[in-house]
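>>> I need the structure of the sequence given here:
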Amino acid sequence: MSGVMGLFLVQARRERVLLPVWILGIAFLGFIIANAVATEFADEASRAAIISVAGASPAFLFVRGLPDGTGIGAVVFFQGYSFTAVLAGLMSTFLVIRHTRMDEELGRAELIGSVPVRRAAPLMATLILGGIANLTLALCVAGGFLAAGLPGSGAFTAGAAVGAVGAFFVAVSAVVAQIMPSGRAANGAAAGLVGAAYFVRGIGDAFGTTPSSDLTHVTSEWFSWLSPIGWGQRSRPFTVADPTPLLVLAAVSLVLALAVLALRSRRDLGESLLPEHAGRDRAAPGGNSFLGLAWRQQRLTLLGWCIFAALLGSIAGGLGPVVTNVIGGNQSLRELIVRLVPGGRGELIDVFTTALLGIAGVLAAAAGIQVVLRLRAEEAEGRAELLLATPHSAARWLAANLILATVSAVVVAAVAGTAATLGLALSGVASGPPGQLVGAALAHVPAAVVFVAVTAVAFATIPRMSIAFGWGFLAVGLVLGQFGELMRLPAWLQDLSPFRHTAAMPIEAFDPAAALTMTGIAVAGAGLAAYLLRRRDLTA
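Okay, the predicted model is just below:
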């Protein structure tokens with residue numbers, strides 16, 4: 001056991017900066033959401049109005065979750081739980097993969113295996129670290145809610161709901177690390193499972209049963225039970241607190257942890273349940289260029305993002321009839337939505353698809369960022385040094401990957417818009433002129449490529465921090481775009497998010513000036529990144 005504790009201390013030391021940033025960032029987000037709701041919706045009437053809209057709109061239910069009353073705590077949980085649970089899941093997956101499959105790839109696990117410790121000791125240390133991290137996260141989230149003035153019992157239950165989801169993904173990621181043949185594949189698969197949990201919960205909530213008569217409570221469909229985020233949501237911390245779903249999550253996590261420890265004890269170092277197949281002896285014609293190499297490395301990842309985008313777009317088709325049927329007959333609710341919609345246009349199906357295509361814009365940005373961050377993995381693992389030993393410049397290497405990142409963002413957005421168009425057409429709901437939704441999805445691409453360019457600049461200047469910076473900038477941009485108005489942040493601060501400058505088509509007209517400005521910023525950022533990369537040495 002002393003060997004496990006020693007490894008735990010080593011892993012905790014490696015996480016002494018990144019893990020506190022994750023935990024405090026998530027807790028602070030919960031605090032500012034709670035504080036903003038208490039300020040912005042201080043009276044019962046204003047909270048009832050926004051919850052009534054949410055309860056009758058599948059778009060709100062998909063994005064936010066289930067409304068469960070009009071108390072301040074209930075509105076806070078509705079506004080922020082799903083997002084903080086996703087962040088907890090991502091924190092846990094990245095933590096576990098870093099200390100398991102990636103350590104095996106980089107040779108650290110082999111060094112540990114040369115000393116007299118059990119084969120599963122490093123994994124056990126990682127599971128302990130993940131569990132303590134999520135327990136700390138639960139307490140910090142609860143502390144943030146208490147600092148915002150929410151009731152104590154509800155605050156601790158809400159914190160436990162976030163921590164329970166994170167702990168579940170600690171165990172799930174450990175299983176994924178045994179299955180996948182590489183750290184990159186394991187990270188992608190584990191993060192994909194977090195995204196799938198959000199999507200499954202969203203679908204179950206959006207197809208929820210008819211809201212209560214006052215539109216303040218909605219019961220989700222059984223589909224939501226297939227998601228750990230859906231289980232955490234069922235704890236209902238600020239109405240009728242029920243810890244039973246959280247205990248179920250904890251029990252499942254414990255069973256998975258015991259199973260993965262047994263599996264690791266029987267698996268050879270470096271092996272995986274899904275073997276990694278060797279490539280061809282010689283590269284295909286396209287593999288002789290930087291762009292062809294980048295495509296070969298990223299094509300499966302891009303396929304995964306496109307699948308997510310297609311699912312997101314198809315949801316619009318499946319829920320289109322529900323939107324029109326539920327809200328169309330409620331004139332007062334329809335008038336309220338019209339007042340809340342930017343620009344004064346209140347077509348119900350447009351409001352719904354705009355919300356989903358906004359998420360598609362985030363997926364497009366994430367797909368582009370992942371392409372750029374692959375450069376850091378190539379550099380850290382020594383392959384970039386071999387690649388740049390050829391008569392080609394680092395600037396060309398970066399340019400090829402930036403081209404692929406931009407293409408990836410365009411393709412992901414186009415797939416989401418196409419899927420939404422086809423889904424609505426098949427469901428018999430009018431969606432405007434042909435190609436309107438594809439154009440609405442593509443309107444998010446200029447914002448996405450700004451994220452790509454900023455990530456490239458970070459890679460060229462602070463390579464060791466580029467991964468954290470790239471994903472962190474996306475998270476900050478998403479928070480400012482989603483919660484900036486709610487938190488009453490200064491306009492200049494909200495404007496730092498590229499998402500704030502994207503036209504919310506089709507309920508807003510396309511803004512060519514903003515799109516051209518963001519495109520210019522992206523091009524300038526790409527040029528700056530290429531210049532800075534040429535002036536620095538490769539780093540491990």
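>>> What's the first helix or strand after the helix or strand bottoming out on mean pLDDT in the chain?
Every helix and strand of the chain was ranked by mean pLDDT, DSSP states H and E. The lowest is helix 331-340, at a mean of 52. The helix or strand immediately downstream of helix 331-340 is helix 348-380, counting by DSSP states H and E.
>>> average pLDDT for that next one?
For helix 348-380, the mean pLDDT works out to 84.
>>> Quick one: distance of that helix to the chain centre.
Its chain's average C-alpha position is 9 Å from that of helix 348-380, according to CA atoms, centre = their mean, to the nearest Å.
>>> do the same with stretch 501-517
Worked out by CA atoms, centre = their mean, stretch 501-517 lies 24 Å from the chain centre.
>>> Would you mind measuring the gap between the ends of that stretch?
Terminal residues of stretch 501-517 are spaced 10 Å apart (CA to CA, to the nearest Å).
>>> so for that stretch, what's the average pLDDT?
In this model, stretch 501-517 has an average pLDDT of 86.
>>> Tell me which residues of that stretch come out buried.
By 16 or more other CB atoms under 10 Å, the buried positions in stretch 501-517 come out as His501, Thr502, Ala503, Ala504, Met505, Pro506, Ile507, Glu508, Asp511, Ala514, Ala515. Just so you know, the C-beta spots here come from the backbone N, C-alpha and C atoms, and that holds for glycine as well.
>>> Repeat that for stretch 290-310.
Here stretch 290-310 shows 290-295, 297-298, 301-302, 304-306, 308-310 as buried, counting by 16+ other CB under 10 Å.
>>> Kindly report the same for stretch 126-138.
So for stretch 126-138, counting by 16+ other CB under 10 Å, buried means Thr126, Leu127, Ile128, Leu129, Gly130, Gly131, Ala133, Asn134, Leu135, Thr136, Leu137, Ala138.
>>> Now distance to Arg14, pLDDT and secondary structure too, for these, in CSV please.
As requested, these are exported to CSV (distance: CB to CB, whole Å; pLDDT from 0 to 100; DSSP: H, G, I helix; E, B strand; the rest coil):
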residue, distance to Arg14, pLDDT, secondary structure
Thr126, 11, 94, helix
Leu127, 16, 95, helix
Ile128, 14, 95, helix
Leu129, 10, 95, helix
Gly130, 13, 95, helix
Gly131, 17, 95, helix
Ala133, 13, 96, helix
Asn134, 18, 96, helix
Leu135, 19, 96, helix
Thr136, 16, 96, helix
Leu137, 18, 96, helix
Ala138, 22, 96, helix
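>>> farthest pair in those residues?
Thr126 and Ala138 (18.7 Å; CB to CB).
>>> that older thread, select from the buried residues of stretch 290-310 the entry with the lowest predicted confidence.
Gln297 (82).
>>> can you tell me which residues contact that one?
Taking CB atoms under 8 Å, 6 or more residues apart in numbering, we find Gln297 in contact with Arg374.
>>> repeat that with 6 Å
Taking CB atoms under 6 Å, 6 or more residues apart in numbering, we find Gln297 in contact with no residue.
>>> what do you get for Phe207?
Contacts of Phe207 by CB under 6 Å, 6+ apart are Glu221.
>>> Could you look up the SS state of Ser253?
Following DSSP: H, G, I helix; E, B strand; the rest coil, we place Ser253 in the helix state.
>>> Just give me the neighbour total for the nearest residue to it once chain neighbours are set aside.
Counting by CB to CB, 6 or more residues apart in numbering, Ser253 lies nearest to Ala171, which is 4.4 Å off, once chain neighbours are set aside. The local packing of Ala171 (other CB atoms under 10 Å) involves 24 other residues.
>>> Relative to Ser114, how far out is Ala171?
Look at Ala171 and Ser114: by CB to CB, to the nearest Å, they are 28 Å apart.
>>> Let me know whether Val37 touches Phe78 as I believe.
No. Using CB atoms under 6 Å, Val37 is not in contact with Phe78, being 9.1 Å away.
>>> in the stretch 151-300 of the chain, which segments are predicted with low confidence?
By pLDDT under 70, the weakly predicted segments of the stretch 151-300 of the chain are 208-216, 276-287.
>>> all helices of it, in order?
Secondary structure of the stretch 151-300 of the chain (DSSP state H, counting those that start in this stretch): helices at 152-179, 183-206, 228-233, 244-266, 290-328.
>>> Most tightly packed of these?
Of all the helices of the stretch 151-300 of the chain, helix 228-233 carries the top mean neighbour count, a mean of 27, counting by mean count of other CB atoms under 10 Å.
>>> So which elements touch that helix?
Packing contacts for helix 228-233, counted by 3 or more CB pairs under 6 Å, 6 or more residues apart in numbering; DSSP states H and E, involve helix 152-179, helix 183-206, helix 244-266.
>>> For these, give me a markdown table that also has distance to Ala419.
Formatted as a markdown table, those follow (distance: least, CB to CB, whole Å):
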| stretch | distance to Ala419 |
| --- | --- |
| helix 152-179 | 27 |
| helix 183-206 | 13 |
| helix 244-266 | 31 |
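>>> for these, which one sits closest to Arg64?
helix 183-206 (8.4 Å).
>>> got the angle for the closest one vs helix 152-179?
Helix 183-206 and helix 152-179 are oriented at 140 degrees to each other (axes from the mean of the first three to the mean of the last three CA atoms, to 10 degrees).
>>> so how far is helix 183-206 off the chain centroid?
Worked out by CA atoms, centre = their mean, helix 183-206 lies 8 Å from the chain centre.
>>> Repeat that for stretch 521-538.
For stretch 521-538, the distance to the chain centre is 27 Å (CA atoms, centre = their mean).
>>> next SSE after the helix or strand containing Gly30?
Counting by DSSP H and E, the element that carries Gly30 is helix 18-40. Following helix 18-40 in sequence order, the next helix or strand is helix 44-56 (DSSP H and E).
>>> hmm, back to that, and of the buried residues of stretch 290-310, the nearest to Ala147?
Phe308 (35.4 Å).
>>> three-state assignment of the most far-flung residue of the chain relative to its centre?
Centroid-distance maximum for the chain: Pro116 at 39.3 Å, with CA atoms, centre = their mean. Following three-state DSSP, Pro116 is assigned to coil.
>>> If we only consider the buried residues of stretch 290-310, which is nearest to Phe94?
Checking the buried residues of stretch 290-310 one by one against Phe94 (CB to CB), the nearest turns out to be Thr301, at 15.7 Å.
>>> so how far is Thr84 from the closest one?
With CB to CB as the criterion, Thr301 and Thr84 are 26 Å apart.
>>> Also Leu489?
Taking CB to CB, one finds Leu489 at 18 Å from Thr84.
>>> Of those two, give the one with the bigger neighbour count.
Neighbours were counted for Leu489 and for Thr84 using other CB under 10 Å; Thr84 has more, 26 against 18.
>>> Same question for the more buried one, what's its three-state structure.
Thr84 - assigned by three-state DSSP - is helix.
>>> Do I have it right that Val415 meets Cys306?
Yes. With contacts counted by CB under 6 Å, Val415 reaches Cys306, the gap being 4.8 Å.
>>> ok now do the residue farthest from the centre of the chain, which residues does it touch?
If you count contacts by CB under 6 Å, 6+ apart, Pro116 has none.
>>> cutoff 10 Å now
Neighbouring residues of Pro116 by CB atoms under 10 Å, 6 or more residues apart in numbering: Gly3.
>>> any idea how far Gly6 is from it?
12 Å.
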